[in-house]
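A.B. asks: when you get a sec, could you give me coordinates for this:
(one chain, ligands or ions: 1)
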Amino acid sequence: MLLTVSDLLNPDQVAKARQTLDAADWIDGRVTAGVQSAKAKDNSQIPEGHPASKEVGALILDLLGRHPLFLAAALPLRVFSPLFNRYSGGQSFGTHVDNAIRQVPGTPHRIRTDISATLFLSGPEEYDGGELVVQDTYGTHNVKLRPGSLVLYPATSLHHVTPVTRGTRLCSFFWIQSMIRDDAQRSLLFDLDVGIQRLNREVPGNASIVPFTGVYNNLLRQWSEM
Ligand code: NI
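C.D. replies: So this is what the prediction gives:
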């Protein structure tokens, strides 16, 4: 499932984040790439653990942790600290699949990357190209969002970023280990959750809400891993 979370950051938060990130040190993006993806990757990144990454990353994690749509769709167990990249002057990232397991820097922990996230921090009018192209079982999706909005997509998908031929594309990217590893199961739970919430709004107190809520919780209990 591909899902857009619109306006996670408001325009003021985007402007402040960009100021902080612009002032950071940027390095070759191949540092976080696997062997295969390093060949396809051409961009720059802020080093993991850089104060600018930590500051803006903390804001993103805080907002996500309070965002009902994100929580319902991702059913997050762990969220990797956001990283930041930028593309300009024809840079691109060829077709690849993200690494399945990531070491959490500075800790002995690893996370399984079930969901990939890209949060756009520059506006679509600021650059040409730079589309995130995701191939899933429903076809090919081209994603380019307004600043502050993010897309979630299955980390199992093949994806690439088209060359940025004008301007600069600044994004945050990170991964989520979900309580529900399987994308199809996670999508079913999300659809059920959305339906129950709609029933709650449209016919509050309807007796059917209780068994549906029971089914949701009992599926979550059967399928979740912690
Ligand atoms: Ni990727």
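A.B. asks: and the longest strand for the protein?
C.D. replies: For the chain, the strand with the greatest residue count under DSSP state E is strand 164-178.
A.B. asks: from the chain's centre, how far out does that one sit?
C.D. replies: 9 Å (CA atoms, centre = their mean, to the nearest Å).
A.B. asks: only the buried residues of the helix or strand following it, if you could.
C.D. replies: Moving toward the C-terminus from strand 164-178, the next helix or strand (DSSP states H and E) is helix 183-202. Applying a neighbour-count criterion of 16 or more other CB atoms under 10 Å, one finds 183, 185-186, 188-190, 192-193, 196, 199 buried in helix 183-202. In short, each C-beta sits where N, CA and C put it, glycine included.
A.B. asks: next, residue 7: secondary structure please.
C.D. replies: coil (DSSP: H, G, I helix; E, B strand; the rest coil).
A.B. asks: quick check on the residue lying closest to it once chain neighbours are set aside: phi, psi?
C.D. replies: Of all residues not flanking residue 7 in the chain, residue 148 sits nearest, at 5.1 Å (CB to CB, 6 or more residues apart in numbering). The phi and psi values for residue 148, taken as degrees, to the nearest 10, are phi 100, psi -10.
A.B. asks: any figure for the gap between residue 148 and residue 27?
C.D. replies: 25 Å (CB to CB, to the nearest Å).
A.B. asks: between the two, which one's more packed in?
C.D. replies: residue 148 (22 against 12; other CB atoms under 10 Å).
A.B. asks: that one and residue 97: what is the separation?
C.D. replies: Residue 148 is 27 Å from residue 97, by CB to CB.
A.B. asks: can you check residue 216 too?
C.D. replies: Where residue 97 is concerned, residue 216 sits at a distance of 30 Å (CB to CB).
A.B. asks: repeat for residue 41
C.D. replies: On the measure of CB to CB, residue 41 and residue 97 end up 13 Å apart.
A.B. asks: which residue ranges of this protein form helices?
C.D. replies: In the chain, the helices defined using DSSP state H lie at 11-22, 35-40, 51-65, 68-74, 183-202, 209-223.
A.B. asks: picking up where we left off before, list the helices and strands the longest strand of the chain packs on?
C.D. replies: Packed against strand 164-178 by the contact rule (3 or more CB pairs under 8 Å, 6 or more residues apart in numbering; DSSP states H and E) you find helix 51-65, strand 76-79, strand 83-88, strand 110-112, strand 115-120, strand 127-129.
A.B. asks: and the chain, what are its domain boundaries?
C.D. replies: Residue ranges for each domain of the chain read 3-178, 183-223, as given by automatic domain parsing.
A.B. asks: distance to residue 115 and mean pLDDT for the helices of the chain - can I get that in a markdown table?
C.D. replies: Compiled in a markdown table, those are given as follows (distance: least, CB to CB, whole Å; pLDDT from 0 to 100):
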| stretch | distance to residue 115 | mean pLDDT |
| --- | --- | --- |
| helix 11-22 | 22 | 98 |
| helix 35-40 | 17 | 78 |
| helix 51-65 | 12 | 97 |
| helix 68-74 | 6 | 97 |
| helix 183-202 | 8 | 96 |
| helix 209-223 | 15 | 97 |
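A.B. asks: out of those, which is closest to residue 93?
C.D. replies: Nearest to residue 93, of all the helices of the chain, is helix 35-40, at 6.0 Å by CB to CB.
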